[in-house]
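Asker: Pasting the sequence and the predicted coordinates here, then a few questions.
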Amino acid sequence: MINIILVDDHRAVAEGTKALLEQGGQFNVQICSNLNDIYERMEIERVDVFLFDLYMPDVNGIELSKQILQQFPKSRIIIYTGFDIAQHFNLIAETGVSGFISKSASRQQMIGAIEAALRDEIMIPIELFRQLRRTPMVSIVQEEGDSCDIRLTEREINILTAISEGLTNKEIAHQLQFSQRTIEHSITKLFDKLKVKSRTEALLKARKHHLLPLVDAQ
C-alpha cells in the first residue's frame, strides 16, 4: 500500500482526488489541511508521497514543500494544481519537488506521476516541458572588465524587477508566491551580492550594469 498525504483547500476536489486514487486499493490517501495535520499523520504511518495544491490561502504549495523538505530532505512531493505553473516553474523546481500534475489529469496520469516520484524520477506535463527554459544567471562585470563573480538567480531578478516597479515586500511575496519572510531574506542576500544597503542603491547598480533592461527584454 502506498501512503499519500494530499493537501488541498478545496475539500470537494480533495475528496474527489482521494476517491479517484483509491480505486483499486493501491493507494491510501489522507487529506490534511495544514502542517500540523501533516506532522500528526506522519507520526501515525509512513508517508510515501505528498500531493500539494499550489495555491492555497493560508500556505502555498511552494512554502509547504520547503518546510517539509527542510525537515525531511528525502520526501517525495508532487505539486498538484488547476492553474498554469509555467511562470513559476523555476521557482518551484528550486524547492526540490518530485513532479507536477494537473488537477484535470486522468487517474492513469496521476498514478504515473506518483510512480515516477517513487522511482526518484521527475514527471511533468508535456505542455509545461515545451515551455521550459534554463534559469537565467546574470553576472555583473566591473567597469575595468574584471568579473565580479556576482550571479543573480531568476528569483533575485524577479525581485529586482518588482522593486523597480515600486512593490512592497508584501506585494512581492504575493506576486512570486512566497512568504514575506522568504522575500525579506532574499532581498537581504541580494543586497549583499550587489554590495548595497538600500533599494535605491540596488536599482542604481542594476541600471548601471544593465540588469533591468535585460529582464525587460526577456
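Answerer: Sure, I can see it.
Asker: now the helices for the chain?
Answerer: Ranges of helices in the chain, per DSSP state H, are 11-22, 35-44, 61-71, 89-93, 107-118, 126-131, 154-164, 169-176, 180-194, 199-208, 211-217.
Asker: Which positions within the third one qualify as buried?
Answerer: Put plainly, it is helix 61-71. Neighbour-count burial for helix 61-71, counted by 16 or more other CB atoms under 10 Å, picks out G61, I62, E63, L64, S65, K66, I68, L69. To be clear about C-beta, it is placed using only N, CA and C from the backbone, and glycine gets the same treatment.
Asker: Now tabulate those in a markdown table and tack on distance to L54 and pLDDT.
Answerer: Below are those laid out as a markdown table (distance: CB to CB, whole Å; pLDDT from 0 to 100):
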| residue | distance to L54 | pLDDT |
| --- | --- | --- |
| G61 | 4 | 83 |
| I62 | 7 | 81 |
| E63 | 11 | 84 |
| L64 | 10 | 87 |
| S65 | 10 | 88 |
| K66 | 13 | 88 |
| I68 | 14 | 91 |
| L69 | 16 | 91 |
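Asker: Name the nearest of the residues you listed relative to N3.
Answerer: The nearest member of these to N3, counting by CB to CB, is I68 at 14.5 Å.
Asker: That closest one: what's it in contact with?
Answerer: Residues in contact with I68, defined by CB atoms under 8 Å, 6 or more residues apart in numbering, are I38, F50, S75, I77.
Asker: Please identify, among those, the one with the most neighbours.
Answerer: Highest neighbour count within the contacts of I68, by other CB atoms under 10 Å: F50, with 27 neighbours.
Asker: Can you give me the distance of the closest residue to that one other than its chain neighbours to E115?
Answerer: Leaving out its chain neighbours, the residue that sits closest to F50 by CB to CB, 6 or more residues apart in numbering is I77, at 4.5 Å. Using CB to CB, to the nearest Å, I77 is found at 15 Å from E115.
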